[in-house]
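Asker: Got a predicted structure plus its sequence, pasted below:
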Amino acid sequence: MPFYKKKEKNKSWKRGNPRMYSGVPRKTAEKRALTLARFFYWFLFAVFLGVSFYIFFLSSFLQIDAISVEGNESISAEDIKKSASEALQGNYLKYFSKSNYFLEKNDEVAKKLKNDFNRIGRIEIQKKFPKTMLITIDERQAELVWCSAGVCYLVDENGFVYSGANATDEELKNSGSLVVIDDNARQVEIEKTVIGKDFISYLKGLNYTLREELRLEPDGTYHTPALASGEVYFQTKEGWTLKLSDQVSPAETKKIIQTLFDKELDDQKRQDLDYLDLRIKGKVYFKMK
């Protein structure tokens, strides 16, 4: 038996270069680094969202605490601010304040103000970043005082009954307001009853014509037998009654009365006049005492 092994032909032995082995494949280490980077990215992003959410919706930084009022005349600015602040009280879902700049609802504040103050007509609400509210209002102006069943109400230019008139009959008489009494005692509901824009326009024109152009002063207030009739009458300071209708315009009324006074009823005769009736268009009736 030979003591050594012969080399086999056509075979060669080569020693490869040794490679160092770290224990972690290169691709696996890169993947872990990328995963860690993504984790920190989303963690910081989540922290950013959380902080932003807190600042914008939960902190006091964006809660409206300054309210300014413009356009008010008879309504106190402090009363308006108090009412608006009450509308901002409370939370949504127990956690989100109604006074938050982004969550506050202008419509709810406007509704609260109109419910509290009937005199408010138009209202505009603006928010100014970060915590200010500007309230601009237009107050209704009383065009006449409408009285029915012993109670008087304020009526605006559109015929809308918006408030009770807190004054006595004597105070209303002396104030110079256009006062109309409904002898039919029809029930009036604030914010629901409408007198009629055309009828109010007629009354205003008639009042000006009688007082300023014909110098006929009512001895008290105007009366109407019923709102639907379109009729109005009053007793003059000369002691006789004038009965009119919105079917005859103030200009026609002036012309008829002037002609009648010039031709039929002078100052002396009017002392015995009982009433003058112009309710039917084209016809005139009068009665002596």
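Answerer: That came through, no problem. What you see is a predicted model, and the numbers here were worked out from it, not measured in a lab.
Asker: burial measure for Arg270, as a count.
Answerer: Look at Arg270: counted by other C-beta atoms under 10 Å, it has 18 neighbours. The C-beta positions use only the backbone N, C-alpha and C, and glycine is treated the same way.
Asker: That one and Leu276, how far apart?
Answerer: 9 Å (C-beta to C-beta, to the nearest Å).
Asker: try Tyr285
Answerer: Computed as C-beta to C-beta, the Tyr285 to Leu276 distance reads 8 Å.
Asker: So between the two, which is more surrounded?
Answerer: Leu276 (23 against 11).
Asker: Make sure that one is indeed in a strand.
Answerer: Yes - the assignment for Leu276 (DSSP: H, G, I helix; E, B strand; the rest coil) places it in a strand.
Asker: dump the residue contacts of it.
Answerer: 240-243, 257, 260, 265, 284-286 (C-beta atoms under 8 Å, 6 or more residues apart in numbering).
Asker: Most neighbours out of these, which is it?
Answerer: Within the contacts of Leu276, neighbour counts (other C-beta under 10 Å) peak at Leu242, which reaches 23 neighbours.
Asker: so what's in contact with Arg270 and Leu276 at the same time?
Answerer: Trp240.
Asker: among the helices and strands of the protein, which has the poorest mean pLDDT?
Answerer: helix 169-175 (a mean of 57; mean pLDDT, DSSP states H and E).
Asker: after that one comes which helix or strand?
Answerer: strand 179-182 (DSSP states H and E).
Asker: what pairs with that following strand, and is each one parallel or antiparallel?
Answerer: Strand 179-182 has its sheet partners listed here by DSSP bridges as strand 144-148 (parallel), strand 222-224 (parallel).
Asker: Mean pLDDT lowest where, among those strands?
Answerer: Lowest mean pLDDT within the strands paired with strand 179-182: strand 144-148, a mean of 90.
Asker: what does it rub up against?
Answerer: Residues from elsewhere that reach strand 144-148 (C-beta under 8 Å, 6+ apart): 152-155, 161, 165, 172, 177-182, 184-188, 195, 200, 203-204, 221.
Asker: Give me the buried positions along it.
Answerer: 144-148 (16 or more other C-beta atoms under 10 Å).
Asker: ok now it, how far from the chain's centre?
Answerer: From the chain centre to the centre of strand 144-148 is a distance of 23 Å (C-alpha atoms, centre = their mean, to the nearest Å).
Asker: and it, C-alpha only, in PDB?
Answerer: Output in PDB follows, covering the C-alpha atoms of strand 144-148 (Å, rounded to 0.1, in the frame of the first residue of the first chain):
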ATOM      1  CA  LEU A 144     -96.500 102.600  13.100                       C
ATOM      2  CA  VAL A 145     -98.000 101.400  16.300                       C
ATOM      3  CA  TRP A 146    -100.800  98.900  15.900                       C
ATOM      4  CA  CYS A 147    -103.200  98.400  18.800                       C
ATOM      5  CA  SER A 148    -105.700  95.600  19.200                       C
END
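Asker: Moving along the chain from it, name the first helix or strand you hit.
Answerer: Counting by DSSP H and E, the next helix or strand C-terminal to strand 144-148 is strand 151-155.
Asker: what's that next one packed up against?
Answerer: Strand 151-155 is packed against strand 144-148, strand 161-164, with contacts defined by 3 or more C-beta pairs under 8 Å, 6 or more residues apart in numbering; DSSP states H and E.
Asker: what helices or strands is the shortest one leaning on?
Answerer: Yep, that's strand 161-164 we're talking about. Counting by 3+ C-beta pairs under 8 Å, 6+ apart, the packing neighbours recorded for strand 161-164 are strand 151-155.
Asker: Name the residues that touch the strand it packs on?
Answerer: 140, 142-147, 161-165, 167, 169, 172, 179, 188, 190, 193, 195, 200.
Asker: Name whatever forms a beta bridge with the closest residue to Gly164 other than its chain neighbours.
Answerer: Leaving aside its chain neighbours, Gly164 sits nearest to Tyr153 (5.7 Å; criterion: C-beta to C-beta, 6 or more residues apart in numbering). Taking DSSP bridges as the rule, Tyr153 bridges to Trp146, Gly164.
Asker: if I look at Tyr153, how far off is Thr259?
Answerer: In this view, Tyr153 and Thr259 are 37 Å apart by C-beta to C-beta.
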